[in-house]
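Peer 1: Here's my sequence, what's the structure:
(chains A and B)
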Amino acid sequence: MKHWRGAIALTVSSALVAGPAVQVRANPAAAPAVVACVASVGCVVTVVAIAGVTYWVLSSNGEQARIPVLTYTPNPDQEMEDWEDYVWADNEQQARQKCNLLAEQYTQQGRSLVSVVRVRRASQRGARWVCTFRG
Amino acid sequence: MTHLIKTVMVYPPGYVPSGWEAPEGYVPEGSIEDYNLAFAEAAPVLGQKFQAYGQSWEISRVQTYVSQEQHRHATGFFHLAIATLDGSVPVREPWHDGRSPLLVVHATDNRELVANEHGEPHWELVEREEWISSFENWEIQSLQHLEPMEEKTSGDYDRVIIAWLVSVDANHEHPDSVAA
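Peer 2: Have a look, this model is predicted:
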């Protein structure tokens, strides 16, 4: 399974990994809006659970949009691979959150669960961070 | 007893320090942080002052993690030293999902930290211990686990794990390391 996100996506390694995999039934309306929010300065993405349903919350200029997230079905036979992508963040907490938001997008696009394996800083001193994904 | 210290320098909310790489028009959503990681002979002390990145910093909070394992490298303590410009205790952002990640540090047998591509000590946030990996031509000899001594607060790690590496080929010079 390949994952691409514009011109900056990068597949760095490929490996068979033991462990359960899942398939997903995604909300097709969610991905474009979340992608657009993550890519724009001043738009903040959070996740909340209300009455047992998990939602993306996209906040920009004082306005909020709420979009239901996902449900999953296991698929134990799926091959998995690792790849990297980048996010901009002020600190390690934000970087990990944005990596997880990208993982949610990959999950929706690929219809299989994508997890964040690790997060590390990509620049000596700055806002660029590397996320390693597995899915 | 050797101490491993990760210093977190927390800038005031919205402040972008000079020399900080970011795309044009970048507006911080919260507080920018700079990081440093090093072995030391002594633990950090509250109120301790130091210079870094052209600024004067003061350590305002220390969270210590202790190893319960008898380890031959004798790195018994990890300290998360939080520093601010005015000595106040910052409110660090919480982990968004309520789960703290693992902080993983790679070190070699000579008690040197593995360097990243910029020559800075390499550290990473890892979601599961079984996902800790090594580098080409190096293998993990042992994992040392350090647990927080006090109740965790916002931004603390679930655990700190030092991955002690040994070279699988003495002729290989990679990975680069940062002297202790």
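Peer 1: residues in contact with B:Ile82?
Peer 2: B:Ile82 is in contact with B:8, B:10, B:59-63, B:89-90, B:92, counting by CB atoms under 8 Å, 6 or more residues apart in numbering or on different chains. In this view, the C-beta of every residue, glycine as well, is placed from N, C-alpha and C.
Peer 1: ok, and of those, which contact chain A?
Peer 2: Contacts with chain A within these, as defined by CB under 8 Å from any CB of the partner chain: B:10, B:92.
Peer 1: Looking at the contacts of B:Ile82, which are in strands?
Peer 2: Secondary structure from DSSP state E places B:8, B:10, B:59-63 of those in strands.
Peer 1: and stretch B:107-122, how far out from the chain's middle?
Peer 2: Centre-to-centre, stretch B:107-122 and its host chain are 12 Å apart (CA atoms, centre = their mean, to the nearest Å).
Peer 1: one step back: by neighbours, which of the ones in strands among the contacts of B:Ile82 wins?
Peer 2: Among the ones in strands among the contacts of B:Ile82, B:Val10 has the most neighbours (other CB atoms under 10 Å in any protein chain shown), with 27 neighbours.
Peer 1: Pretty sure that one sits against B:Pro90.
Peer 2: Yes - B:Val10 is within contact range of B:Pro90, at 4.2 Å (criterion: CB atoms under 8 Å).
Peer 1: any shared contact partners between those two?
Peer 2: B:31, B:82, B:84.
Peer 1: what residues does chain A put near chain B?
Peer 2: A:41-42, A:44, A:46-47, A:88, A:90-97, A:100, A:115-121, A:123-128, A:134.
Peer 1: Narrow those to those that are buried.
Peer 2: Buried members of the residues of chain A next to chain B, counted by 16 or more other CB atoms under 10 Å in any protein chain shown: A:44, A:88, A:90-97, A:100, A:115-121, A:123, A:126-128, A:134.
Peer 1: Name the next helix or strand following whichever helix in chain A runs longest along the chain.
Peer 2: As assigned by DSSP state H, the longest helix anywhere in chain A is helix A:92-110. From helix A:92-110 onward toward the C-terminus, using DSSP states H and E, the following helix or strand is strand A:115-121.
Peer 1: ok, back up a step: tabulate the ones in strands among the contacts of B:Ile82 in TSV, adding columns for pLDDT and distance to B:His96.
Peer 2: Converted to TSV, the ones in strands among the contacts of B:Ile82 look like this (pLDDT from 0 to 100; distance: CB to CB, whole Å):
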residue	pLDDT	distance to B:His96
B:Val8	98	18
B:Val10	98	18
B:Ile59	98	26
B:Ser60	98	24
B:Arg61	96	21
B:Val62	97	24
B:Gln63	96	19
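Peer 1: Could you export those as JSON lines, including distance to B:Tyr157?
Peer 2: Formatted as JSON lines, the ones in strands among the contacts of B:Ile82 follow (distance: CB to CB, whole Å):
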{"residue": "B:Val8", "distance to B:Tyr157": "11"}
{"residue": "B:Val10", "distance to B:Tyr157": "16"}
{"residue": "B:Ile59", "distance to B:Tyr157": "18"}
{"residue": "B:Ser60", "distance to B:Tyr157": "18"}
{"residue": "B:Arg61", "distance to B:Tyr157": "14"}
{"residue": "B:Val62", "distance to B:Tyr157": "14"}
{"residue": "B:Gln63", "distance to B:Tyr157": "9"}
